[in-house]
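1. Sequence unavailable; structure follows:
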C-alpha cells in the first residue's frame, strides 16, 4: 500500500480505500481497478491523494474475478433449474385450486426451499426475475413464485424473525389464489373491464382468504396478507379500505413485492418497465400509499449500483456512473460522451439497464 497524488494514477492501479465526497456519498469503492479517466472524476470532487495497492496485485485480483464469474455461472444454472421445478408445482397448485383441491403447503415449501438460500436472495437474481417470465400463458405461476421470493427477501431485510420468512414466502405464493374463483371471461378479458367486472376482480382477496381458512401450516399473518395485500396506507386500497396500523405487516411486504414484479414483467398488452424506474415509483408511493420503511429497505438492498458501472439510459445514451447520492440511489450522476448527466435533476430520464462485466 502507498499514497500517491492523483496526477500519478495509472491504468490498472488498485484503490486501497473508499473515496467519499464532502457530502458523504461514495465516489469509488476500495478494490476498484482505476483507469486514467478516473483522475478527472477525482479532481472534480476535490480529491488530491489516494491510497493504492501495488500494481502486481492486479493479475491476482483478475484471476479471482474469473473464478468468481465461473462460480456465478454455475449458480445461475442451478437457480434456473430450481425455478422451473418450482413453477411446475405451483402451476398445478393454482389449476387444482379451481376445483377446490386442498393446498399442499408442504409440497410448496419443498420446492421453494432451494430458491431461498442466502446465495440467491440478492439483487443479481431478484432484479432479473422478469427473465424467467417469458411465457405469457404462465404469468400467474411466474408472478406467484416471484412475489414469494421477493417477500421472503424483504422479510429478511427488514429484520423479521427467521421463522417468519417462510410464512412470507408462502403468502407470496398464495396472495392471488382467490383469482381461481374469478370467472374466466372476466379474468382473461382482452377488453377494458367494466365497473362490475373490476369489482369482481377485487373480490379475489376475500375469495383467497376464505379458501385458506382451514389450510394447515399457515400463520395468521399469512392469511391476512392474502386478504390485505391491496390495502394502502392512506385507505385508498381494497377490499376494506384499511389504513396504516389496520394493515398487517406481512400484507404491506407482499404489496411491495406484488407491485415490483408486476411492473418489471412483460405482458401481452405492454412492455416491461426498468426495475430502477419501478423502484423510483415505489419510493414515490411510499409517501402515502406504501409503508416507507419497507420500501426504503427494499430499495437499499435492491439498488446494487456502484461507481464505474456502465449503464444505458432510457433515451439510449450510454455512460458510466461517477457518483451515487444515497438519498436517491436510483438516480446517480452519469458521465457520457456528451457530458455529465445528473439523473436526480433529469426526471424524464432513468436507468434502463446496467451492463454486465462482459458487455462493457
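-> Noted; the coordinates are in hand. Because the structure is a prediction, the values reported are computed rather than measured.
2. Off-centre distance for the helix or strand residue 156 falls within?
-> According to DSSP states H and E, residue 156 maps onto helix 139-157. Distance of helix 139-157 from the chain centroid (CA atoms, centre = their mean, to the nearest Å) equals 10 Å.
3. If you count contacts, what does that helix end up packed against?
-> Under the contact definition 3 or more CB pairs under 8 Å, 6 or more residues apart in numbering; DSSP states H and E, helix 139-157 sits against helix 57-97, helix 105-112, helix 123-126, helix 162-174, helix 249-264, helix 292-302. Any C-beta I mention is one placed from the backbone N, CA and C, and that applies to glycine too.
4. Please point out which parts of the very next helix or strand once past the fourth one sit buried.
-> Going down the chain from helix 162-174, the next helix or strand is helix 184-187, by DSSP H and E. If you call a residue buried by 16 or more other CB atoms under 10 Å, then helix 184-187 has these buried ones: residue 187.
5. mean confidence for the next helix-or-strand element following helix 184-187?
-> Next helix or strand after helix 184-187 toward the C-terminus (DSSP H and E): helix 195-202. Across helix 195-202, pLDDT averages out at 92.
6. any idea of the angle the helix holding residue 156 forms with helix 292-302?
-> For helix 139-157 against helix 292-302, the angle by axes from the mean of the first three to the mean of the last three CA atoms, to 10 degrees is 100 degrees.
7. For the stretch 201-350 of the chain, give me the ranges with low pLDDT.
-> In the predicted model, the stretch 201-350 of the chain carries pLDDT under 70 at residues 268-269.
8. can you give me the helices for it?
-> Shown for the stretch 201-350 of the chain, the helices assigned by DSSP state H, counting those that start in this stretch span residues 204-211, 220-228, 249-264, 275-285, 292-302.
9. Quick one: closest of these to residue 138.
-> Among the helices of the stretch 201-350 of the chain, helix 249-264 comes nearest to residue 138, with 13.7 Å by CB to CB.
10. Show me how far the closest one is from its chain's centre.
-> On CA atoms, centre = their mean, the centre of helix 249-264 falls 10 Å from that of its chain.
11. Output the contacting helices and strands for it.
-> The contact analysis (3+ CB pairs under 8 Å, 6+ apart) places helix 249-264 against helix 139-157, helix 162-174, helix 220-228, helix 275-285, helix 292-302.
12. how about these in JSON lines, adding distance to residue 108 and mean neighbour count?
-> As requested, these are exported to JSON lines (distance: least, CB to CB, whole Å; neighbours: other CB atoms under 10 Å):
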{"stretch": "helix 139-157", "distance to residue 108": "9", "mean neighbour count": "24"}
{"stretch": "helix 162-174", "distance to residue 108": "6", "mean neighbour count": "23"}
{"stretch": "helix 220-228", "distance to residue 108": "12", "mean neighbour count": "23"}
{"stretch": "helix 275-285", "distance to residue 108": "26", "mean neighbour count": "21"}
{"stretch": "helix 292-302", "distance to residue 108": "23", "mean neighbour count": "18"}
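13. Residue 4: which of those is closest?
-> Distance to residue 4, taken as CB to CB, is lowest for helix 292-302 among those, at 33.2 Å.
14. So what touches the closest one?
-> The contact list for helix 292-302, computed with CB atoms under 8 Å, 6 or more residues apart in numbering, reads 122-123, 126-127, 153-154, 157-158, 252-253, 256, 260, 275, 279, 282-283, 285-286, 329-330.
15. ok, now stretch 326-345?
-> 24-25, 41, 276-277, 279-280, 283, 299-300, 303, 305, 311, 313, 317-325, 349-351.
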